[in-house]
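Visitor: when you get a sec, could you give me coordinates for this:
(one chain, ligands or ions: 2)
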Amino acid sequence: MPLLAQTLQTIVAKIIAKSLPTSCIVCETFQDSTLCNSCASLIKSEGLLNYECCSQCGTTLEKSEVANQHCHQCEINPPNYDETYCLDHYDGRLQAALHQLKYQKRLAFAHGLTNAWNLLFANSLENTNAAYLLPVPLSQQKLCMRGFNQSWELARRIQCGPHIQKLPNALRRHHHEQRQASSNRAIRNSAIQGMFYIDEKYLHILNTKTSLFLMMS
Ligand SMILES: [Zn+2]
Ligand SMILES: [Zn+2]
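Guide: Residues are numbered from 1 along each chain as shown. Ligands and ions are numbered 1, 2, ... in the order given. As a prediction, the model looks like this:
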């Protein structure tokens, strides 16, 4: 975007923020941002980055695993991904906002959740060598029911380096009635086997050597 247009957009955004106060997606206090400063710092201090988690899969590490930042499971049977970034705990401060987005279809919450992401992970995404950012897809049936894919609503607003291209339709998902509520990793892994595939239009650009960043929610 040209510099003048960008400056104008920033000025307009500031005027709107001051004249039309919004509420924080976590504490619901009215102010000029979708995430207030105090909730932002709480999420930052309580975030998984401050805990001893496996850098590859994100699970909490046992004492003996802390030294090399990898869980035993990833050592013996590494997953097909290199790193995991978690914005918050599953039942953390952002859970209510995420449920508002996913289940109450309140798209405005995508702005607040992305603000939180941009605030805490801007550098990680700028510095990653991923070539593409892909949202985890919904099946066509689920997409029709919900009306939007919450992962794409976050991914499209995320700030990332110009080297990362966002591809909303490259990854596809078959429809399965079975839900994946189990906390057991092996059961969850087998439940998603064969569930995802690459749309044939993208097969020529995505191959096993392509570095991807997947947005889940
Ligand atoms: Zn707040
Ligand atoms: Zn791991």
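Visitor: ligand 1 contacts on the protein?
Guide: By CB under 5 Å from the ion, the residues of the chain that approach ligand 1 are Cys24, Val26, Cys27, Cys36, Cys39. C-beta coordinates here come from the backbone N, C-alpha and C atoms, glycine included.
Visitor: look up how far Tyr51 lies from Ala96.
Guide: Applying CB to CB, to the nearest Å, the value for Ala96 to Tyr51 is 21 Å.
Visitor: circling back to that earlier point, by neighbours, which of the residues of the chain next to ligand 1 wins?
Guide: Val26 (23 neighbours; other CB atoms under 10 Å).
Visitor: that older thread, and the furthest pair within the residues of the chain next to ligand 1?
Guide: Using CB to CB, the residues of the chain next to ligand 1 span at most 7.4 Å, a distance reached by Val26 and Cys36.
Visitor: which stretches of this protein form strands?
Guide: 22-23, 30-31, 132-135, 165-166, 171-173, 196-198, 212-215 (DSSP state E).
Visitor: near the nearest residue to Trp152 once chain neighbours are set aside, how many other residues are there?
Guide: Leaving out its chain neighbours, the residue that sits closest to Trp152 by CB to CB, 6 or more residues apart in numbering is Pro135, at 4.0 Å. Neighbour count of Pro135, defined by other CB under 10 Å: 24.
Visitor: partners of Pro135 in the sheet?
Guide: Met215 (DSSP bridges).
Visitor: so what's it up against?
Guide: Contact partners of Pro135, counting by CB atoms under 8 Å, 6 or more residues apart in numbering, are Asn149, Ser151, Trp152, Leu154, Ala155, Pro168, Leu171, Leu214, Met215.
Visitor: mind doing that once more with 10 Å?
Guide: 149-156, 158, 166-171, 214-217 (CB atoms under 10 Å, 6 or more residues apart in numbering).
Visitor: about what we covered before: among the strands of the chain, which comes closest to Asn123?
Guide: Evaluated over the strands of the chain, closeness to Asn123 peaks at strand 212-215, with 13.8 Å, by CB to CB.
Visitor: which residues are in contact with that closest one?
Guide: 81, 83-85, 117, 124-125, 128-136, 149-156, 158, 160, 164, 166-168, 170-171, 196, 206.
Visitor: show the pLDDT at Ala18.
Guide: One thing to correct before we go on: residue 18 is Lys, not Ala. Lys18 is assigned 66 on the pLDDT scale.
Visitor: Ala122 contacts Tyr85, doesn't it?
Guide: No. With contact defined as CB atoms under 10 Å, Ala122 does not reach Tyr85; the gap is 11.4 Å.
Visitor: can you lay out the strands of the chain as JSON lines showing distance to Glu75?
Guide: Compiled in JSON lines, these are given as follows (distance: least, CB to CB, whole Å):
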{"stretch": "strand 22-23", "distance to Glu75": "45"}
{"stretch": "strand 30-31", "distance to Glu75": "46"}
{"stretch": "strand 132-135", "distance to Glu75": "27"}
{"stretch": "strand 165-166", "distance to Glu75": "32"}
{"stretch": "strand 171-173", "distance to Glu75": "27"}
{"stretch": "strand 196-198", "distance to Glu75": "25"}
{"stretch": "strand 212-215", "distance to Glu75": "22"}
